[in-house]
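J.: Output the structure for:
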Amino acid sequence: MRVSGVDPVTHAPCPCVKTLSLGFGSSPYGVALDVAHDRVVVVNQGLPPGEPTMPLGFPGILPSLSVVRLSSLTEIARIPLYSAFDPDGLLFFAPALVAIDPGLNLAVVIDQGDPYGTNEGGAMVVDLTTNRVTAWFSAGTAYFTSGLAIDPVRHLAFVSNALGDPNQNPPDGQPYLGSLTRINLSNLSQPPVAVTTNEFPNGVAIDPGTVSSKHSAIVLNTQSNDITAVNVDNPALTVTMPFAASGGNLALDIAWQPDAVLGLVLTGSAIPADLGGNNAFIIGIAPARLP
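T.: Predicted structure coming up:
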């Protein structure tokens, strides 16, 4: 992990570049920052048994979550996520993204698939006080998880599921629709709520109601080239708004910028620039348009 900074006046690099080794086979992937608690957490995907780049008989390295103190850049905890290689355990295999609810001292990690090739994903909730996984939401709740965001005011986690409900059976010629799963972090015994989005949702951004009283989870639907906004308090209230990416652009992720008019930054795909790709888009959404 590499941490660097920039002088806010001169914009020159600060002398604060440090490297922290997370150890052999960690395979760091997702990362989340929690300045209030002086920490950053890193998802380590580990290495499966039989990894071809490893020696014969390599037993594998299980996935984990590293908790790093920012001020000293030291790893203060490494939390096992699950026994991913245990056939009798949960069918999780590829932890990818992580987000933090600083008020509850919880981290949410999403997993994008399992070792049996079904692409079923899920989510894990990690207590950063006890350094233990406290809840699992497995396949059926989420299907091929693709994005993650937390509303720290409502203490809700939102997971986008690119393939939606695995049991859906659309009519001929109609697409499979994705979904958004809401997890109540204040009450982990409460069943998650799933909301249908449009085609192949990816990134999720949270509007915490800075401009209006509405809290919304805003999902980027890559395949259908539009945005679905979901009212976090009443997920039955949704609205889908077109987003016309043109040329070789394929929007893949989304971020929210609080403003008088809500600003959303959508990143384009890695399609070469000479084919019209590699762009970022900034659009405005008036609060009145949110559900």
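J.: which stretches of the stretch 1-150 of the chain aren't confidently modelled?
T.: The stretch 1-150 of the chain contains residues with pLDDT under 70 at 1-17, 49-51, 83-93, 113-120, 138-143.
J.: Is residue 153 in contact with residue 209, as I believe?
T.: Yes. Under the criterion of CB atoms under 8 Å, residue 153 makes contact with residue 209 at 7.3 Å. (Glycine included, C-beta is placed from N, CA and C.)
J.: if you count what's nearby, which of the two comes out ahead?
T.: Shown here are residue 153 and residue 209; by other CB atoms under 10 Å, residue 209 has more neighbours (18 against 14).
J.: Make sure the more buried one is indeed in a helix.
T.: No. Judged by DSSP: H, G, I helix; E, B strand; the rest coil, residue 209 forms no part of a helix; its state is coil.
J.: who touches it in this structure?
T.: By CB atoms under 8 Å, 6 or more residues apart in numbering, residue 209 lies in contact with 153, 215.
J.: swap in residue 219?
T.: By CB under 8 Å, 6+ apart, the contact set of residue 219 is 147, 158, 160, 178, 180, 197, 201-204, 227-230, 254.
J.: Can you pick out the ones from the residues you listed that are in strands?
T.: 147, 158, 160, 180, 201-204, 227-230, 254 (DSSP state E).
J.: quick one: which of those is nearest residue 122?
T.: Proximity of these to residue 122 was ranked by CB to CB; the top entry is residue 160 with 12.9 Å.
J.: mind checking how far the closest one is from residue 178?
T.: According to CB to CB, to the nearest Å, residue 160 stands 7 Å off from residue 178.
J.: Which neighbours do these two have in common?
T.: Counting by CB under 8 Å, 6+ apart, the residues touching both residue 160 and residue 178 are 146, 197, 201, 219.
J.: hmm, back to that, anything in contact with each of residue 153 and residue 209?
T.: Contacts common to residue 153 and residue 209, judged by CB under 8 Å, 6+ apart, are residue 215.
J.: tell me the residue furthest from the middle of this protein?
T.: residue 56 (34.1 Å; CA atoms, centre = their mean).
J.: hang on, that one is in a helix, isn't it?
T.: No. Under three-state DSSP, residue 56 sits outside any helix and is assigned coil.
J.: Give me the phi and psi for residue 288.
T.: phi -60, psi -20 (degrees, to the nearest 10).
J.: Excluding sequence neighbours, find me the nearest residue to it.
T.: Counting by CB to CB, 6 or more residues apart in numbering, the nearest residue to residue 288 once its immediate chain neighbours are dropped is residue 212, at 8.0 Å.
J.: wait, doesn't the one you found sit right on residue 290?
T.: Yes. Using CB under 8 Å, residue 212 is in contact with residue 290, at 7.1 Å.
J.: Look at these two and report which has more neighbours.
T.: With neighbours defined as other CB under 10 Å, residue 212 and residue 290 compare such that residue 290 has more, 21 against 13.
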